[in-house]
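S.K.: Following is a predicted model, sequence given first.
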Amino acid sequence: MSRSEESPPLDFIRQIVAADLVSGKYGGRVVTRFPPEPNGFLHIGHAKSICLNFGVAAEHPGGRCNLRFDDTNPLKEEDLYLQSIRTDVRWLGFDWEERQFYASGYFERLYQLAERLIENGHAYVCSLSAEELRHSRGTLTQPGRESPYRTRSVAVSLDLFRRMRAGEFPDGTHILRARIDMASPNMNMRDPALYRILHANHHQTGDQWCLYPTYDYAHCLCDAMEGITHSLCTLEFEDHRPLYDWILDRLQAELTYRPQQIEFSRLTLEYTVVSKRKLNTLVKSGVVDGWDDPRMPTLSGLRRRGYTPAAIRDFCQRVGISKTPNNVELALLENCLREDLDKHAPRAMAVLDPLRVVITSVAADHVEALTAANHPQNAAMGSRTLFWTREIWIEREDFCENPPKQFKRLVPGGEVRLRHAYVVRCDAVIKDPASGAILELHCSHDPATLHANPVDRKVKGVIHWVSATRSCRAEVRHYETLFTTPNPDEAWQGDDFAALINPNSLQVLSNCHIEEGLRDAPPGSIFQFERLGYFCVDAGCAAGAERVFNRTVGLRDSWAKVQQGR
RNA sequence: UGGGCCGUCGCCAAGCGGUAAGGCCCCGGAUUUUGAUUCCGGCAUCCCCAGGUUCGAAUCCUGGCGGCCCAGCCA
């Protein structure tokens, strides 16, 4: 078997899963879960986790991946986010079938298990204020002090805990704490909070509870209750694993399954922030248009921009899974996108910065139907009709009066091929006498060059065009990265991010011309505008209204590189 | 300088004691009615550093250095 036919090497998590299957650790089961907190929209970093969790499950017969909303904090969560998460996971191409769960769905069981912990002396109700608690926790180098309530009797703690549930106490007056070790070098083991009082309405359970479990307490137990075998999470939870195991150890007798937590490094992407808090700040500040602004690294933003699920999945696969801190180049994501779009996006022509050209050799009322393939390599994608008329638009930058070396577009007296049409020669440049600005070009075409090259001379350049009379107007939104620095996460300290924002992240081109056939292109449809890039009809485009295109990504541009090198 | 984790090409990433996979980027060149695509070719004598073990080390040992995470009743 040649190298290219071999399956790619397994990442360390898949190696563990494979080894567990061999050893029979979980009786042949592979069960993972994707556990988002519904406090924001999913982003490209979540895509990595989704692809990993659903991917690992799908790779094994009988493997399953649950969607579990980690909804233990009603203060930060909203139903809006639940909806978007479901939409985005499905859009990415994954299916949790009937297995949609909520941490809140386990609240009663979780509560009962907490009573068990108290009864067995593993947890106690602590009545320190948040402030006092912070001071008694110690520091990274100094051990904490034991709470005076640590020695409360089981009976008292149990009674207090029940009254906490009953709503007898205001927020912040008591918490349930694990009794572990205030001197532990691992801060998470210094008697961490398990339950806090929150008189808040929960999006799923309403006002049924005023007592909510913390992540550390709920997550491991939810995993166990769902029979999760491999609980995959990001590196910052590494220090929580001893607590994860500690809780499961104490409650072993009550549980059927014993999951294991494995951590991998989260995705960091150049020029983007991947933190729900920061993304939320961007939305709230109005710097972007919402969670689905095409400049956002959210799945909804990427979707609106024109990214495809296949491209994102491919990206996640190529990025790999490891524990190494990383900062992935945007070029990789864009490569994945272009690869998918090149294969699937139908071609079309659009002129973004129009320059009028009069083809003097064509009659004023001449309309000639030309056929253009929708894809140069894939005839199955069919063809469309273009209209050859006396007046056309070309891209302003495709004409140059004093061309640099190697410029192979239109120049005075020179010839170029108009894509899918004729070779034309520039006979005259019409300027505004006052300003000297170029108003239009007068060209003549060679009728013998429709699907043939001239026999006596070579014409190197090919440029795109659109009929001036048989086309429609469109708006094109051109995007750049939202941040000017490749490491905005690092540079973003406190709330001062304004200086990091790229002032050119959005440029609106309102005088664009597109092929007539694109007039009713549906929102979400993606085209390659030849020689320019990939463009996606904006989701907000109403039927019948002028089309608005988001530039998804540009084509590779080796000419731009040549020019930069000058 | 408490604890946990990480350090292989510009960016990702294989490698698990037998003499550095792959992808992206980049650089050449071919084909091309997209300066696109495609296609060929190039791109780590070296694996954070220094010692050591070994016939043999990126892989083992020792000691350094550098980076990330943790002091929420957030996740």
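M.R.: Noted; the coordinates are in hand. None of the values given here were measured: they were computed from a predicted structure.

S.K.: Using the three-state scheme, assign residue A:112.
M.R.: Following DSSP: H, G, I helix; E, B strand; the rest coil, residue A:112 is assigned to helix.

S.K.: So for it, what's the pLDDT?
M.R.: You'll see residue A:112 listed with a pLDDT of 98.

S.K.: That one - how many residues pack around it?
M.R.: Neighbour count for residue A:112, taken as other Cβ atoms under 10 Å: 11. C-betas here are computed from N, CA, C, even on glycine.

S.K.: Which parts of the stretch 301-450 of chain A are helices?
M.R.: Ranges of helices in the stretch 301-450 of chain A, per DSSP state H, counting those that start in this stretch, are A:309-319, A:330-344.

S.K.: what's the most buried one of those helices?
M.R.: Across the helices of the stretch 301-450 of chain A, averaging neighbours per residue (mean count of other Cβ atoms under 10 Å) puts helix A:309-319 on top, at a mean of 20.

S.K.: Average pLDDT for that helix, rounded please.
M.R.: The model assigns helix A:309-319 a mean pLDDT of 98.

S.K.: any idea how far the nearest residue to residue A:315 once chain neighbours are set aside is from RNA strand B?
M.R.: Distance criterion Cβ to Cβ, 6 or more residues apart in numbering; nearest residue to residue A:315, sequence neighbours excluded, is residue A:336 at 4.3 Å. Using Cβ to the nearest atom of the strand, to the nearest Å, we find residue A:336 at a distance of 8 Å from RNA strand B.

S.K.: got the contact list for residue A:336?
M.R.: A:311, A:312, A:314, A:315, A:318 (Cβ atoms under 8 Å, 6 or more residues apart in numbering).

S.K.: With distance to residue A:534 as new columns, can those be given to me in TSV?
M.R.: Formatted as TSV, the contacts of residue A:336 follow (distance: Cβ to Cβ, whole Å):
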residue	distance to residue A:534
A:311	10
A:312	15
A:314	15
A:315	15
A:318	19
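
S.K.: filter the residues you listed down to the ones near RNA strand B?
M.R.: residue A:318 (Cβ under 7 Å from any atom of the strand).

S.K.: which one among the contacts of residue A:336 gets closest to residue A:550?
M.R.: Distance ranking of the contacts of residue A:336 against residue A:550, using Cβ to Cβ, places residue A:311 first at 15.0 Å.

S.K.: my read: the closest one touches residue A:342, true?
M.R.: No: the criterion here is Cβ atoms under 8 Å, and residue A:311 misses it with residue A:342 at 10.7 Å.

S.K.: Now that we have the helices of the stretch 301-450 of chain A, can you turn them into a markdown table and tack on distance to residue A:170?
M.R.: Shown next, in a markdown table, are the helices of the stretch 301-450 of chain A (distance: least, Cβ to Cβ, whole Å):
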| stretch | distance to residue A:170 |
| --- | --- |
| helix A:309-319 | 45 |
| helix A:330-344 | 48 |
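
S.K.: Tell me the pLDDT of residue A:565.
M.R.: 77.

S.K.: where does it sit relative to residue A:335, distance-wise?
M.R.: To residue A:335, residue A:565 is 22 Å away according to Cβ to Cβ, to the nearest Å.

S.K.: returning to that earlier point: nearest to residue A:486, of the contacts of residue A:336?
M.R.: Closest to residue A:486 out of the contacts of residue A:336 is residue A:315 (17.3 Å), distances taken as Cβ to Cβ.

S.K.: what's the spacing between residue A:83 and RNA strand B?
M.R.: Look at residue A:83 and RNA strand B: by Cβ to the nearest atom of the strand, they are 18 Å apart.

S.K.: Now that residue. Its backbone dihedrals?
M.R.: When read as degrees, to the nearest 10, the backbone of residue A:83 gives phi -60, psi -50.

S.K.: list the contacts for residue A:232?
M.R.: Counted by Cβ under 8 Å, 6+ apart, residue A:232 has contacts A:13, A:32, A:49, A:52, A:53, A:56, A:261, A:262, A:263, A:264.

S.K.: what residues are up against the last one?
M.R.: Same thing as residue A:264. Residue A:264 sits next to A:11, A:12, A:13, A:52, A:232, A:233, A:234, A:235, A:321, A:322, A:323 when contact means Cβ under 8 Å, 6+ apart.

S.K.: pretty sure the last one contacts residue A:12?
M.R.: In other words, residue A:323. Yes: with contacts defined as Cβ under 8 Å, residue A:323 counts as touching residue A:12 at a distance of 7.5 Å.

S.K.: Tally up the residues packed near residue A:458, please.
M.R.: Per other Cβ under 10 Å, the neighbour tally for residue A:458 reads 7.

S.K.: Test for you: state the pLDDT assigned to it.
M.R.: In this prediction, residue A:458 carries a pLDDT score of 93.

S.K.: Next: residue A:493.
M.R.: 80.

S.K.: can you list the domain ranges for chain A.
M.R.: A:12-266, A:270-344, A:347-565 (automatic domain parsing).

S.K.: before we move on, back to that, near RNA strand B, from the contacts of residue A:264?
M.R.: A:11, A:12, A:235, A:321, A:322, A:323.

S.K.: who wins for most neighbours among the residues you listed?
M.R.: The residue in these with the most neighbours, by other Cβ under 10 Å, is residue A:321 (22 neighbours).

S.K.: Apart from its neighbours in sequence, what residue is nearest it?
M.R.: residue A:11 (3.8 Å).

S.K.: got the contact list for the one you found?
M.R.: Contact partners of residue A:11, counting by Cβ under 8 Å, 6+ apart, are A:264, A:320, A:321, A:322.

S.K.: what's the answer for residue A:73, then?
M.R.: Counted by Cβ under 8 Å, 6+ apart, residue A:73 has contacts A:37, A:39, A:198, A:212.

S.K.: can you tell me how far it sits from residue A:212?
M.R.: From residue A:73 to residue A:212 the distance is 7 Å (Cβ to Cβ).

S.K.: shared neighbours, these two?
M.R.: Residues touching both residue A:73 and residue A:212 (Cβ under 8 Å, 6+ apart): residue A:198.

S.K.: hmm, back to that, mark which of the contacts of residue A:232 are buried, thanks.
M.R.: A:13, A:32, A:49, A:52, A:53, A:56, A:261, A:262, A:263, A:264 (16 or more other Cβ atoms under 10 Å).

S.K.: wait, isn't the fourth one in contact with residue A:33?
M.R.: What it means is residue A:52. No: if you go by Cβ under 8 Å, residue A:52 and residue A:33 don't touch, sitting 11.2 Å apart.
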